[in-house]
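> Got a sequence here, can you build the structure:
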Amino acid sequence: MESTLRLRDHTPGALQTMAESLYRRSGGMIGSLSQLIRGAAILAIDTGTEKITEDLLDLVPIDYAAERASAPAKARPRALGKAAAL
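Residues are numbered from 1 along each chain as shown. Prediction:
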């Protein structure tokens, strides 16, 4: 993904140093990661920084899928009947 970025001041390998943060923010979802990086790249161009940084990534809202993936699991009601006895 990083090799497709066309940002003037982006340092190759910079996204690897942010791997943990990117994984956490994207919920491990490739589509969410793509949207996050795309949003950061657009901001980098708009602001003139021409590179993706942690601070810039923090400005990009996460998408619905990543939000759902990072939300704590809710307790599910137990099924009644045979399945509950197992």
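> For stretch 62-69, buried residues please.
In terms of neighbour count (16 or more other C-beta atoms under 10 Å), stretch 62-69 has its buried residues at I62, D63, A66. Every C-beta, even on glycine, is put in place using the N, C-alpha and C of the backbone.
> show me the contacts for the last one.
Taking C-beta atoms under 8 Å, 6 or more residues apart in numbering as the criterion, A66 is in contact with R25, S26, G27, M29, S32, L36.
> Specify the local secondary structure of the first one.
In other words, R25. Recorded secondary structure, R25: helix (DSSP: H, G, I helix; E, B strand; the rest coil).
> wait, doesn't it sit right on I37?
No: judged on C-beta atoms under 8 Å, R25 makes no contact with I37 at a distance of 10.2 Å.
> Okay, now the unreliable bits of this protein?
70-86 (pLDDT under 70).
> Quick check: the residue most central in space within the chain vs G48, distance?
The C-alpha lying nearest the average C-alpha coordinate of the chain belongs to S26 (C-alpha atoms, centre = their mean; 2.4 Å). Using C-beta to C-beta, to the nearest Å, S26 is found at 26 Å from G48.
> which secondary structure elements does the lengthiest helix in the chain contact?
As assigned by DSSP state H, the longest helix anywhere in the chain is helix 30-47. Helices and strands touching helix 30-47, by 3 or more C-beta pairs under 8 Å, 6 or more residues apart in numbering; DSSP states H and E, are helix 19-26, helix 54-59, helix 64-70.
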